[in-house]
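Colleague: with the sequence up front, the predicted model follows.
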Amino acid sequence: MRSLMKKFLIILGVLAVLGIAAVVYVSMHLGEIVTAGMNRYGPQLTQTRLTLQSATISPFSGVGTLNNLVIGNPKGWSENDLASLGKVHIEVVPSSLRGDHIVLNEVIIEAPVFNYETKIINSNVNDLLKNIEQALGGAKPADAKSAAGPQKKFSVKKFRLVDGKVRVGLVGTATTVPLPVIEIDELGTKEGGVTAAEAASIVMNQVVGKIVSATAGAATDLLKTGGAASAESMKKAGEAIKGLFGGKKDAEKKEP
């Protein structure tokens, strides 16, 4: 009996050591795991080139940083990057990772650079959002749920995009302007979480709105200083983007 109990305790001890070793391994390599996963599955989501240079994340506190996340242009656009997100600081509630509703206390994107290209009736960003919606089954959520199980939902208590820049291109020209700070609080909280596609749409609509106001303000300043040609280019670019992402809706609201 004592011998059996001794063997049982030895087995428990071995299992405990293995468990501790697994936790230590994950904590030391979680950043590498996230980086590899992003580089593998990210392009499937965006249907473009997507690379993450590195990530550091604590499985205990949920605090982490994604470094140099780059998203390429969709097919039919230039070979330039659509967006380069310098640093993305995240703080996720660790316990939420085990469920279908992931809660992030904050997401802060530092020094992103967006390259917006327009062809009057379309834009590279619009095509990217279409790619994401298709990858997630945006048009048929019921089919997607039955085929791949329930979708993960997200909520973000605090979202900030700071020190951003946008390069607006039209007819072979490009002008760089600073992007105002973007602040979104309680993203998806009231809804009990939103899908990745819905979260992307909410954020990008905010980004586009800031781009329109930034290009309009910069165009006004250029006109005051005599830069008529550059100002006209920026004005056309802003109008094209506004028409794609909000102009039609605004026009409909004005109709009696």
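Modeller: Happy to help now that I have it.

Colleague: how far away is Lys157 from Gly188?
Modeller: With distances taken as Cβ to Cβ, to the nearest Å, Lys157 is found 10 Å from Gly188. C-beta: built from backbone N, CA, C; applies to glycine.

Colleague: neighbour-wise, which of those two wins?
Modeller: Gly188 (23 against 17; other Cβ atoms under 10 Å).

Colleague: which ones are touching the more buried one?
Modeller: Contacts of Gly188 were listed using Cβ atoms under 8 Å, 6 or more residues apart in numbering, and they are 153-156, 194, 198-199, 202.

Colleague: and with 6 Å instead?
Modeller: By Cβ atoms under 6 Å, 6 or more residues apart in numbering, the contact set of Gly188 is 154-155, 194.

Colleague: repeat for Leu85
Modeller: 69, 109, 112.

Colleague: could you do Tyr41 as well?
Modeller: By Cβ under 6 Å, 6+ apart, no residues touch Tyr41.

Colleague: surely it is within a helix?
Modeller: Yes. Read with DSSP: H, G, I helix; E, B strand; the rest coil, Tyr41 is one of the residues of a helix.

Colleague: any idea how far Ser95 is from it?
Modeller: 23 Å.

Colleague: how about Gly31?
Modeller: Separation of Gly31 from Ser95 (Cβ to Cβ) stands at 20 Å.

Colleague: how about the helices in the stretch 51-200 of the chain?
Modeller: Taking DSSP state H, counting those that start in this stretch to define them, one finds helices in the stretch 51-200 of the chain at 124-135, 141-148, 196-224.

Colleague: buried residues in the first one?
Modeller: I take that to be helix 124-135. Using 16 or more other Cβ atoms under 10 Å as the test for burial, helix 124-135 gives 124-129, 131-133, 135.

Colleague: need the max-distance pair from those.
Modeller: Asn124 and Ala135 (16.6 Å; Cβ to Cβ).

Colleague: can you report how many residues lie near the closest residue to Asp185 other than its chain neighbours?
Modeller: Setting aside the residues directly before and after it, Asp185 is nearest to Lys158 in space (Cβ to Cβ, 6 or more residues apart in numbering), at 6.0 Å. When neighbours are counted by other Cβ under 10 Å, Lys158 registers 15.
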